[in-house]
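Asks: Sequence and predicted structure, then a few things I'm wondering about:
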Amino acid sequence: MTLEPVHMHKISDLAKRIDRSFDVEEPKTATDIYSLLEELKLDGKVILKAVDRLFRGIVRTELMAQGEDPYPVTYACDSGSTNPRTYDSGLFVDFCHCGLAATPTDLDILRCRTIVCAAYSSSQRVAMQATSGWETFDEGLGRAKLVTIAPDELKRKAPDMVHSFAMYLAESEHILFMKDRMKPESFFIMDGPIYPKQLMYWMVLDDEEVKIRQNDNARKILQNYIDIMDHFMEKHMPLIGFVKNPTDVQIMDSVRKKKEFFDLPWILDSQFFKNLLSPEKVGISGQGHDERNSKNSGKNGRYNGSNGSRNTYITYTNWFLQPNRFYERLLNGTSPLAAADALQQKLRHTFSPEDYALCFFMLYVPYKDIVFKVEAPYGLIKDDFLRMQITRKVLFELSLHGFPLTLTKADHLAKIRKVERDEIDKFFESMNPDTTYNDTRWGNFFEI
């Protein structure tokens, strides 16, 4: 043991000094801020506004799970990555493998896969031969492609860009590959955000060191995501992006800039929503009693996880429309149509630009103490019935399984394990993987 009792005692002493600085009963800051979100403006632009009305909801998981599944047929897409691999030759490479899972299980759907390898070298002497089209395998059910980033397109951010190209191209191409195989009455879940935000940012930014906006594959990726939204909006089929670890800061950043005299303790939007959606803040509207004052409550009105009360509920917000600006200041919009230069104006789209704007709502699962974000395009969410059905489906999945079941299946299907990543390294016979001290220190101890 590295830390002995005397060390832990001192750490405890330091921690208590911090812990005692925070009041158990927090002020109404979260509730007061929430009222601003009915329409949040900054510099004359609407940053965020409620779709329909502003509210916080709460559902009993037991009752919700006993109800009828709004969409019994569900599909989910996920991609597994080797993560960017670097070699002593200066090569950066990432393999991404994408699959689609279904509930009920569909083996024909499951067998179809898309693999993309993205590669970059800063050397002008290296001529990697990218594939001109898709190479098929496994009796035509699998497709593979090698894409490259030219030496003059990157002077930094090589690992990030190689990963973005591999992941976003594999994901978007596989969804388009499979879209007509999905049943029209189904529900579709994307793992993570519905748009390639990081790639969009660098496509908009005029940076001499990251010039991917001239790359045909980068433009193809943006067009793919527009085509995906077009398909689902044309068919009126529900599509969501399920964000497991939301890291946005836009709402808190905008409120802070408005200088509304709030004592704002949060940096991340998710921290704010966790506070706002805590069961003791939301209350039990329409349930006949207030859980905060019931015998199931813990000290100071807080829920005691040991008696199961936190397992009873899921809390959530209304939907929000986010028409302008991601958390990145230079991205003046929330869809691949955000950029206004001639390059982006070449992108095809069927619906009005507003229909591609990002919408979302937040959920808090008390017994996991986790906040999730659910995204969808405005073209779907503006339909009152479809918005209600999407919300109900997500609440049903979390109430019954704690996490979307089909998305869990997709994660297991697409994951590239460490033993497989190490095997891929061996395929590069003429070069050795770059290793760091941590590679030799930790080895395979923490991952299989």
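Replies: Here it is on my side, so go on. Numbers count the residues shown, from 1 in each chain.

Asks: any low-confidence regions in this protein?
Replies: 1, 21-28, 259-262, 283-310, 327-330, 339-345, 438-448 (pLDDT under 70).

Asks: Can you pull up the most central residue in it?
Replies: Nearest to the geometric centre of the chain sits residue 192, at 2.5 Å (C-alpha atoms, centre = their mean).

Asks: how much space between it and residue 244?
Replies: Distance of residue 192 to residue 244, computed by C-beta to C-beta, to the nearest Å: 7 Å. C-beta coordinates here come from the backbone N, C-alpha and C atoms, glycine included.

Asks: where's stretch 136-150 relative to the chain centroid, distance-wise?
Replies: Remark: stretch 136-150 is offset 25 Å from the chain centroid, using C-alpha atoms, centre = their mean, to the nearest Å.

Asks: Could you report the neighbour count for residue 401?
Replies: Number of residues near residue 401 (other C-beta atoms under 10 Å) recorded here: 13.

Asks: the longest strand in this protein is where?
Replies: strand 92-103 (DSSP state E).

Asks: Next, the buried residues of the following helix or strand past that one.
Replies: Scanning forward in sequence from strand 92-103 by DSSP states H and E, the next helix or strand is helix 107-111. Neighbour counts over helix 107-111 (16 or more other C-beta atoms under 10 Å) mark 109, 110 as buried.

Asks: which helices and strands does helix 107-111 pack with?
Replies: In terms of contacts (3 or more C-beta pairs under 8 Å, 6 or more residues apart in numbering; DSSP states H and E), helix 107-111 is packed against strand 92-103.

Asks: The strand it packs on: partners in the sheet, and parallel or antiparallel?
Replies: Using DSSP bridges, strand 92-103 pairs in its sheet with strand 74-81 (antiparallel), strand 85-86 (antiparallel), strand 113-120 (antiparallel).

Asks: contacting residues around the second one?
Replies: Think strand 85-86. Residues from elsewhere that reach strand 85-86 (C-beta atoms under 8 Å, 6 or more residues apart in numbering): 92, 93, 94, 159, 421, 424, 425, 433, 434.

Asks: next one: the first one
Replies: Strand 74-81 is contacted from outside by 94-103, 109, 163, 166-167, 170-171, 174-175, 178, 182, 186-191, 397, 404-407, 409-411, 413-416, using C-beta under 8 Å, 6+ apart.

Asks: how about the nearest residue to residue 120, chain neighbours excluded?
Replies: Among residues not flanking residue 120 along the chain, residue 149 sits closest, at 4.2 Å (C-beta to C-beta, 6 or more residues apart in numbering).

Asks: and the one you found, how many neighbours does it have?
Replies: 25.

Asks: May I ask you to confirm that it is in contact with residue 162?
Replies: Yes - the pair residue 149 / residue 162 is scored as a contact, 6.8 Å apart, by C-beta atoms under 8 Å.

Asks: which neighbours do those two share?
Replies: Common neighbours of residue 149 and residue 162, counting by C-beta under 8 Å, 6+ apart, are 118, 119, 120.

Asks: And the strands in the stretch 101-250 of the chain?
Replies: For the stretch 101-250 of the chain, the strands defined by DSSP state E, counting those that start in this stretch cover 113-120, 135-137, 142-149, 187-191, 239-243.

Asks: out of those strands, nearest to residue 50?
Replies: strand 239-243 (18.3 Å; C-beta to C-beta).

Asks: C-alpha coordinates for that closest one, PDB please?
Replies: Extracted in PDB, the C-alpha atoms of strand 239-243 (Å, rounded to 0.1, in the frame of the first residue of the first chain):
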ATOM      1  CA  LEU A 239     -33.200   9.300 -35.000                       C
ATOM      2  CA  ILE A 240     -31.300  10.300 -31.900                       C
ATOM      3  CA  GLY A 241     -27.700  10.600 -30.800                       C
ATOM      4  CA  PHE A 242     -27.200   9.300 -27.300                       C
ATOM      5  CA  VAL A 243     -24.300  11.200 -25.600                       C
END
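
Asks: Show me where the stretch 101-250 of the chain has its helices.
Replies: 107-111, 158-178, 197-204, 216-235, 250-258 (DSSP state H, counting those that start in this stretch).

Asks: other SSEs contacting the fourth one?
Replies: Spelled out, that is helix 216-235. helix 158-178, helix 197-204, strand 239-243, strand 370-377, helix 378-381.

Asks: Format those as JSON lines; extra columns: distance to residue 229 and mean neighbour count.
Replies: As requested, the helices and strands packed on helix 216-235 are arranged in JSON lines below (distance: least, C-beta to C-beta, whole Å; neighbours: other C-beta atoms under 10 Å):
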{"stretch": "helix 158-178", "distance to residue 229": "10", "mean neighbour count": "23"}
{"stretch": "helix 197-204", "distance to residue 229": "14", "mean neighbour count": "22"}
{"stretch": "strand 239-243", "distance to residue 229": "8", "mean neighbour count": "22"}
{"stretch": "strand 370-377", "distance to residue 229": "5", "mean neighbour count": "23"}
{"stretch": "helix 378-381", "distance to residue 229": "7", "mean neighbour count": "24"}
